[in-house]
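Student: need the 3D shape of this:
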Amino acid sequence: MLHEKKAEMFASVARWKLSSMTKGAFAQSAGISKSKFEYWVRKVRETDMSADDYSGFVEIVQQSGARPLPEVENRPVGLPTPEPQAVLTFPGGLCLKIYG
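Tutor: The predicted structure is shown next:
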C-alpha cells in the first residue's frame, strides 16, 4: 500500500512538471488538496536532491602517459611522480589529483 502511494505521488508530480498548470490548479484537477500536493512536490524534490548527491562524481581518469600503479606491497617509497596518476572530477568542478 505504501509503495503504491509513493508511486502515485511521484507520477503525479511528474505529470505536473510536464503540464503548464500551477500546483493549485493541478491539485484541484487531480482531486487532492493543494497542501497535500505541495507536500508531495517537496518530498519528490528532496528525493531527487539526495539522489543527485552521489551521481556523477565517480569519474576516474588516468592521465595519458602515467604509469600503472604498482601493487601495494611492491610500491616504492619516495617522492611522488611529477604527473598525477589519477584525477577525480566532482560535479561542482572540484578536482582531486592523486600522485603515486
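
Student: neighbours of Pro84, just the number please.
Tutor: Each residue near Pro84 was counted by other C-beta atoms under 10 Å, and the total is 18. Heads up, the C-betas are built off the backbone N, CA and C, glycines and all.

Student: doesn't Ile98 make contact with it?
Tutor: Yes. In this structure, Pro84 sits in contact with Ile98. The criterion is C-beta atoms under 8 Å, and the distance is 5.9 Å.

Student: quick one: the helices in the protein, in order.
Tutor: Here the chain has its helices, by DSSP state H, at 2-18, 23-30, 34-52.

Student: let's have those helices in a markdown table, adding mean neighbour count, mean pLDDT and distance to Leu88.
Tutor: Supplementary listing: the helices of the chain in a markdown table, determined by neighbours: other C-beta atoms under 10 Å; pLDDT from 0 to 100; distance: least, C-beta to C-beta, whole Å:
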| stretch | mean neighbour count | mean pLDDT | distance to Leu88 |
| --- | --- | --- | --- |
| helix 2-18 | 13 | 85 | 32 |
| helix 23-30 | 16 | 92 | 39 |
| helix 34-52 | 13 | 82 | 17 |
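
Student: among these, which comes closest to Gly93?
Tutor: Within those, the stretch nearest Gly93 is helix 34-52; the backing value is 15.1 Å (C-beta to C-beta).

Student: and that closest one, what does it pack onto?
Tutor: helix 2-18, helix 23-30 (3 or more C-beta pairs under 8 Å, 6 or more residues apart in numbering; DSSP states H and E).

Student: adding distance to Lys43 as columns, could you present the ones you listed in JSON lines?
Tutor: Written out in JSON lines, the entries for the helices and strands packed on helix 34-52 read as follows (distance: least, C-beta to C-beta, whole Å):
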{"stretch": "helix 2-18", "distance to Lys43": "7"}
{"stretch": "helix 23-30", "distance to Lys43": "13"}
